[in-house]
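Novice: sequence unknown, structure follows:
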């Protein structure tokens, strides 16, 4: 299939000039317009979504489909897409996929039927092959999690490396009993972060303990049950690695008074204001959204017409005060601060 870039190359003009011809810009020279129109005919070019909208004066729409728009990570990502889209005079439609992965095709295809020009998506289902029939019409770009059963552009982050760094950080504070609390092993990010956690244990010569891996702490009740289960073990952990920001937000209240050290994957509002402040693997949802939106626009206008590309963005550990050294006698970090300020408790400001 010929692209706008192919037309521009054959007519020896810029992609922007081809767009102007589509838009009937009166400032295009007659001889230039003729070259572009001849190239269109010779290449049997079929206008894509963006080209069609140039003709009727409307800009295309970018869809955003994420697991939960209320999640701070995904709301920041969607906001970044909106910012890029606004620069191209494009609109954005945002939809939450919801907690049931089996509903993903239904939700996404309903969004696609709104005549989208592009879709930026963080998938939840185990297979995205249902999108193949849309890939010729819509620019598909995946974020946070790569697609399965489909070749498409994707921008992800170093889940393995970030989880390994956070777990190693806890181990370096003397915690040889570190629990892993995650979302679901049906989600690729959780699987990759569990692999990073296990790698850090292996590098430190610490045996993996399956009973310290708990998934599903995605509600207040689930978090409280998770903490009760962990502290009730005969050989209880002294620290927790939380594999995502949503899980961390539920875990923090459940940890009140437990004195377990914790590090989490993903920052969130108020994490730095907790007492103690939460150590996190810092992601960059703004960069993910921005890069995905720019790639979608470039695919739409034919500037980017090569094979799909997968890009992994780096992450970094933000060390705060939630990772305390182990008390060698009691197995937990000391109940009092070195300055005698009192017991360390998990509280939110004003609580």
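Specialist: That came through, no problem. Every value quoted in this text rests on a predicted model; they were computed, and no experiment measured them.
Novice: Strands along the stretch 251-351 of the chain, start to end?
Specialist: For the stretch 251-351 of the chain, the strands identified by DSSP state E, counting those that start in this stretch occupy 261-265, 279-282, 310-313, 316-318, in order along the chain.
Novice: Looking at those, which is nearest to residue 219?
Specialist: In this view, the strands of the stretch 251-351 of the chain are compared for proximity to residue 219 by CB to CB, and strand 261-265 is the closest at 16.7 Å. Placement of C-beta: from N, CA and C, glycine included.
Novice: For residue 165, see how far away residue 67 is.
Specialist: Between residue 67 and residue 165 the distance, using CB to CB, to the nearest Å, works out to 24 Å.
Novice: Comparing the two, which residue is more hemmed in?
Specialist: When residue 67 is set against residue 165 and neighbours are counted by other CB atoms under 10 Å, the residue ahead is residue 67, at 22 against 18.
Novice: In contact with that one, which residues?
Specialist: Taking CB atoms under 8 Å, 6 or more residues apart in numbering as the definition of contact, the neighbours of residue 67 are 74, 96, 97, 98, 99, 122, 124.
Novice: what about stretch 204-218, start to end distance?
Specialist: Distance between the two ends of stretch 204-218: 29 Å, counting by CA to CA, to the nearest Å.
Novice: buried residues in it?
Specialist: 206, 212, 213, 214, 215, 217, 218 (16 or more other CB atoms under 10 Å).
Novice: Which of those sits closest to residue 195?
Specialist: Closest to residue 195 out of the buried residues of stretch 204-218 is residue 213 (11.7 Å), distances taken as CB to CB.
Novice: ok, and the closest non-adjacent residue to the residue positioned nearest the centre of the chain?
Specialist: Using CA atoms, centre = their mean, the residue of the chain that lies closest to the mean C-alpha position is residue 144, 3.1 Å off. In space, residue 144 comes closest to residue 122 once its chain neighbours are excluded; the distance is 4.3 Å by CB to CB, 6 or more residues apart in numbering.
Novice: Quick check: the gap between that neighbour and residue 143.
Specialist: Distance from residue 122 to residue 143, counting by CB to CB: 5 Å.
Novice: follow-up on the earlier one: ok, and which of the strands of the stretch 251-351 of the chain has the densest surroundings?
Specialist: Ranked by mean neighbour count under mean count of other CB atoms under 10 Å, those are led by strand 261-265, which reaches a mean of 28.
Novice: now for that one, which elements pack on it?
Specialist: Secondary structure elements in contact with strand 261-265, counted by 3 or more CB pairs under 8 Å, 6 or more residues apart in numbering; DSSP states H and E, are helix 159-172, strand 239-242, helix 245-254, strand 279-282.
Novice: Kindly recompute the last result at 10 Å.
Specialist: Applying 3 or more CB pairs under 10 Å, 6 or more residues apart in numbering; DSSP states H and E, one finds that strand 261-265 contacts helix 159-172, strand 178-182, helix 188-203, strand 239-242, helix 245-254, strand 279-282, strand 316-318.
Novice: How far off centre is the next helix or strand after the longest one?
Specialist: I take that to be helix 188-203. Scanning the chain past helix 188-203 towards its C-terminal end, the next helix or strand to appear is strand 213-215 (assignment: DSSP states H and E). A distance of 21 Å separates the C-alpha centroid of strand 213-215 from that of its chain, computed with CA atoms, centre = their mean, to the nearest Å.
Novice: In the sheet, which strands lie alongside strand 213-215, parallel or antiparallel?
Specialist: Sheet pairing here is set by DSSP bridges, and for strand 213-215 it gives strand 178-182 (parallel).
Novice: Report the distance from the strand it pairs with to the chain centre.
Specialist: Averaging C-alpha positions (CA atoms, centre = their mean) puts strand 178-182 20 Å from its chain's average.
Novice: just stretch 286-299 next, same as before
Specialist: 13 Å.
Novice: Buried residues, that stretch. List them.
Specialist: Those buried within stretch 286-299 under the rule 16+ other CB under 10 Å are 288, 289, 290, 291, 292, 293, 294, 295, 296, 297, 298, 299.
Novice: What about those, which are in helices?
Specialist: Secondary structure assignment (DSSP state H) places 288, 289, 290, 291, 292, 293, 294, 295, 296, 297, 298, 299 from these within helices.
Novice: CSV please, covering the residues you listed and showing distance to residue 306 and pLDDT.
Specialist: Formatted as CSV, these follow (distance: CB to CB, whole Å; pLDDT from 0 to 100):
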residue, distance to residue 306, pLDDT
288, 21, 97
289, 22, 97
290, 20, 97
291, 16, 97
292, 16, 97
293, 18, 96
294, 15, 94
295, 11, 95
296, 15, 94
297, 15, 90
298, 10, 88
299, 10, 89
